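what follows is a predicted protein model with its sequence.
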Amino acid sequence: GSVSYEIAVRPFLQSGGNDMIMTGFLVLFFVISFWLSVSPQKLVDRIGKILTPALLLTILLLIAKSFITPLGSPQEPTAAYATASIAAVQGILDGYNTMDAIASLVFAILVIEFVKEDGATTKEEITHEVFKAGGLAVSLLAFVYVFVAYLGAQSVQAISIQETGAPVLSMSAQILFGYGGALLLAVIVLLACLSTSIGLITSCAAYFHQLIGKT
């Protein structure tokens, strides 16, 4: 919720926002997250057929524009990514620090439940379907992140080195699309954070339901 506010809302506020505005936004954000999470049987349709395609489309538009009007030529990597082996280690550390690896253990419960609802009954069927879903997810994420990394590499000449990826995307979007670029980024961030929030709420609820049962 705070990431959505900082990147997708605060840049559009002339005063830079305040605690009251942020609180109001967070309440609305989690009310929507709750509404989309209370009917788990509809979650696949809502996220899979609406939110995820919209998110991918906005990212692809940003990537396509970066090829049509490049921000600059890719620059040499910093010391933390100087060689392939060093970059691989740094990438693993950065990825682990997002806590996604640990969260995936909880998310797996949700994925397995959806596979069962879709008709898989035996252990072999469930494993096969989960591997198919995982393979598709990995392929799409790899495609997106390879080109987002390329966007970051070519943006150095225009915006210099930034501490995190968020300002890189924000500044690049503004350069590539102007004010519309900021709106595009806002859509990307809101959809990504909303999808994550819904998944976390539902999967954690399912986990604790299995752990302590219905009360």
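Alright, I've got the coordinates. Source: prediction; values computed, not measured. Numbering: from 1, shown residues only.

ok, residue 123 - how many residues close by?
Residues within reach of residue 123, counting by other CB atoms under 10 Å, total 8. All C-beta atoms are positioned from the backbone trio N, CA, C, and that covers glycine.

again with residue 162
16.

residue 195 too?
Count around residue 195 with other CB under 10 Å applied: 20.

name the nearest residue to it, sequence neighbours excluded.
residue 51 (5.1 Å; CB to CB, 6 or more residues apart in numbering).

residues touching the one you found, list them.
The neighbourhood of residue 51, defined by CB atoms under 8 Å, 6 or more residues apart in numbering, consists of 191, 194, 195.

can you redo those as TSV with secondary structure?
Converted to TSV, these look like this (DSSP: H, G, I helix; E, B strand; the rest coil):
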residue	secondary structure
191	helix
194	helix
195	helix
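
tell me how far the most centrally placed residue in the chain lies from residue 75.
The residue lying closest to the centre of the chain (CA atoms, centre = their mean) is residue 192, at 4.1 Å. Going from residue 192 to residue 75 by CB to CB, to the nearest Å gives 26 Å.

which residues of this structure fall in helices?
Taking DSSP state H as the test, the helices found in the chain are 2-4, 19-37, 43, 52-68, 84-97, 100-117, 123-154, 156-159, 165-177, 179-212.

ok, residue 64 - how many residues close by?
Neighbour count for residue 64, taken as other CB under 10 Å: 11.

report the contact partners of it.
By CB under 8 Å, 6+ apart, no residues touch residue 64.

low-confidence stretches in this protein?
Filtered on pLDDT under 70, the chain yields the residue ranges 16, 40-48, 164, 214-215.

quick one: the nearest residue to residue 30 once chain neighbours are set aside from residue 175, how far?
Spatial nearest neighbour of residue 30, excluding adjacent residues (CB to CB, 6+ apart): residue 1 at 6.2 Å. According to CB to CB, residue 1 stands 27 Å off from residue 175.

and the end-to-end length of stretch 1-11?
End-to-end distance for stretch 1-11, by CA to CA, to the nearest Å: 15 Å.

identify all contacting residues around that stretch.
Contacts of stretch 1-11 (CB under 8 Å, 6+ apart): 16-17, 21-22, 25-26, 29-30, 166, 170, 182, 185-187, 189-190, 193-194, 197.

what does stretch 175-184 give?
Stretch 175-184 has contacts (CB under 8 Å, 6+ apart) with 11-12, 58, 61-62, 65-66, 69, 71, 155, 158-159, 170, 172-174.

doesn't residue 186 make contact with residue 169?
No: contact between residue 169 and residue 186 fails when scored by CB atoms under 8 Å: they sit 10.9 Å apart.
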